[in-house]
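Participant: With the input below, show me the fold.
(chains A and B)
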Amino acid sequence: MGGARTALFNWLLARREGGTFVLRIEDTDRERSSDDMVEAILDGIRWLGLDWDEGPYFQGEGAERHRSDALRLLFEGKAFRDFVSADELAAIRAEDPDRALRYPRERAELLGSTESDARAANGEPFAIRFLVPPGETAWEDRVYGSVRFRNEEIEDLVILRSDGTPTYNLAVVSDDAAMQITHVLRGEDHVSNTPKQILLHEALGNQVPDFGHLPMILGPDGKRLSKRHGATALGEYQGKGILPVAMVNFLALLGWSPGTDEEVLTVPGLVERFSLERVLRKSSVFDSTKLEWLNGRHLAVMPADELMLLVMEQLPAELRDEAEHRDRSDPGWVVRLIDLLKVRARTVGEIGEQATPFLRDALSYDPAAVAKHWGKDPTGAIAHLRALREALAPTEWTEESLETGLRGLAESLGVGAGKLIHPLRVALTGQAASPGIFEVMVLLGADATLSRIDLAIQIVKGLETNVLDTPLQRGLP
RNA sequence: GCCCCCAUCGUCUAGCGGCCUAGGACACCACCCUCUCAAGGUGGCGGCACGGGUUCGAAUCCCGUUGGGGGUGCCA
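Facilitator: Predicted structure coming up:
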């Protein structure tokens, strides 16, 4: 999620300022990156709609260039060979962190260049460390403002491992120069890498890019967002039916705000308003409830036909077939269904769930709804359902005339319309809540409506004879 | 341990010395609308971490305390 936010801000900056968004996969760590992980990253970025102008480049492919940069620094005396084993240094570090900081350098100085050359020629393994110069390293961070580090606090970082592979900090510097990167926007966890990279750029004679650091995203417990917090990867939200535009909108609002009360923003709206100056330095908590609310807002304004494919994806195969079938015989039917449901759903997944009663004749009746609207007065419910069936059967099947018919019936029976509507809703959807009852009837059509009422009458009869016996237990649909 | 950063309602945030008896949004509660559920409308609950300064005047500036985060790798 943090990576997605970083990608988004980079993209927003590039689009806002007419820049070039370059995608580079930093896979310098041999063991810890796989094709699957790369695909997941690419999929996520694509899903969000963050189109890149260059790349994807893979850092691993530049290893030769990285290596020659490291060697150059070594020959120029800006780096040195380190024959100290990683284990030995680690032991010192555990005991005395201050001593460990300059230990490799001191050992190298003690060794002397002649001896160092000899041991290297002898095939002894060594790492190459950058010789951090004295002084101070400062930069004007695009988010943090002016930042400075005393070089004496920066260790002589390894730039080439003893196995000859480059490390991240060297690779980044080498690549940024090679790709003419002008702006580096990344997580706050990289601030302490920045002086190292600036120093390397200067040693290599590169133009130093602008840096900006983004605050972290935390879980609800205030700890860094991780797997423990449930859904933390984009794919999981995609699966639930969160819209990319909602995710982008939400992520943009984490650590940034337009400075106005506007919250529901489109992607072009975000591009138009985005600026680094308004990025906060404070980490923020990922609140998935607000994400879902935002998604609901975007859902509500999205045309139903654009939602159709997404809803279809959320449906089980059987229901999807049914939906396709209905739509073929009655073009636009699915769009009308989605139009009815989208305003009461927060995710596309919820639309799918709510669509079920419309796509499957075998309803599953919600026990609470049955108890409330049928069970309390089975005899009355039967009478009402029968009356409704008779009154509605000959009616012209439009919302208007169905409403006239039903309200007329209620009046002639001397009951409130709700007395008819509630049992009817259970009969038609199995639920206590649904879209407007007349819209439901029109969408279902006369045949399905009437047969569902018939079936309901049979079920309620069962309730009448034995109120303790639920229809589900008796094997009724 | 050492270095760096941060600190406004539970959460996301507006605020950049007087416009603030601190504004908006999510969540929560109530009411309205209403055939239910949503949506929408109205209202409510709720916050400047603490202590010192500076100033005629501090949420806003300075210092300290506390709390949180990041870094401290032959990880990225």
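Participant: ok, residue A:160 to residue A:72 distance?
Facilitator: Per CB to CB, to the nearest Å, residue A:160 is found 11 Å from residue A:72. The C-beta positions use only the backbone N, C-alpha and C, and glycine is treated the same way.
Participant: who has more neighbours, these two?
Facilitator: residue A:160 (25 against 14; other CB atoms under 10 Å).
Participant: contacting residues around the more buried one?
Facilitator: Residue A:160 makes contact with A:66, A:67, A:70, A:71, A:127, A:128, A:166, A:167, A:170 under the criterion CB atoms under 8 Å, 6 or more residues apart in numbering.
Participant: And residue A:354, by the same measure?
Facilitator: Contacts of residue A:354 (CB under 8 Å, 6+ apart): A:341, A:344, A:345, A:434.
Participant: and the stretch 1-150 of chain A, which residues reach RNA strand B?
Facilitator: A:26-29, A:32, A:59, A:82, A:84-86, A:89-90, A:93, A:97-98, A:100, A:125-127, A:144, A:147, A:149 (CB under 7 Å from any atom of the strand).
Participant: Now intersect those with the strands, please.
Facilitator: Among those, the ones falling in strands (DSSP state E) are A:82, A:127, A:147, A:149.
Participant: Can you report how many residues neighbour the last one?
Facilitator: Going back to what we said before, that points to residue A:149. Neighbours around residue A:149, by other CB under 10 Å: 18.
Participant: Which parts of the stretch 51-200 of chain A are helices?
Facilitator: Here the stretch 51-200 of chain A has its helices, by DSSP state H, counting those that start in this stretch, at A:63-75, A:86-95, A:97-111, A:113-121, A:168-178, A:194-204.
Participant: Now these in TSV, please, with extra columns for mean pLDDT.
Facilitator: Rendered in TSV, the data for the helices of the stretch 51-200 of chain A read as follows (pLDDT from 0 to 100):
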stretch	mean pLDDT
helix A:63-75	97
helix A:86-95	93
helix A:97-111	94
helix A:113-121	95
helix A:168-178	97
helix A:194-204	97
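Participant: can you tell me how far the residue nearest the centre of chain A sits from residue A:187?
Facilitator: For chain A, residue A:234 is the residue whose C-alpha lies nearest the centre (CA atoms, centre = their mean; 3.1 Å). According to CB to CB, residue A:234 and residue A:187 sit 16 Å apart.
Participant: what do you get for residue A:26?
Facilitator: Relative to residue A:187, residue A:26 is positioned 12 Å away (CB to CB).
Participant: Can you narrow the contacts of residue A:354 down to the ones near RNA strand B?
Facilitator: Okay, of the contacts of residue A:354 touching RNA strand B (CB under 7 Å from any atom of the strand), that's A:344, A:345, A:434.
Participant: Give me the buried subset of these.
Facilitator: A:345, A:434 (16 or more other CB atoms under 10 Å).
Participant: Looking at the ones next to RNA strand B among the contacts of residue A:354, which one is closest to RNA strand B?
Facilitator: residue A:344 (3.4 Å; CB to the nearest atom of the strand).
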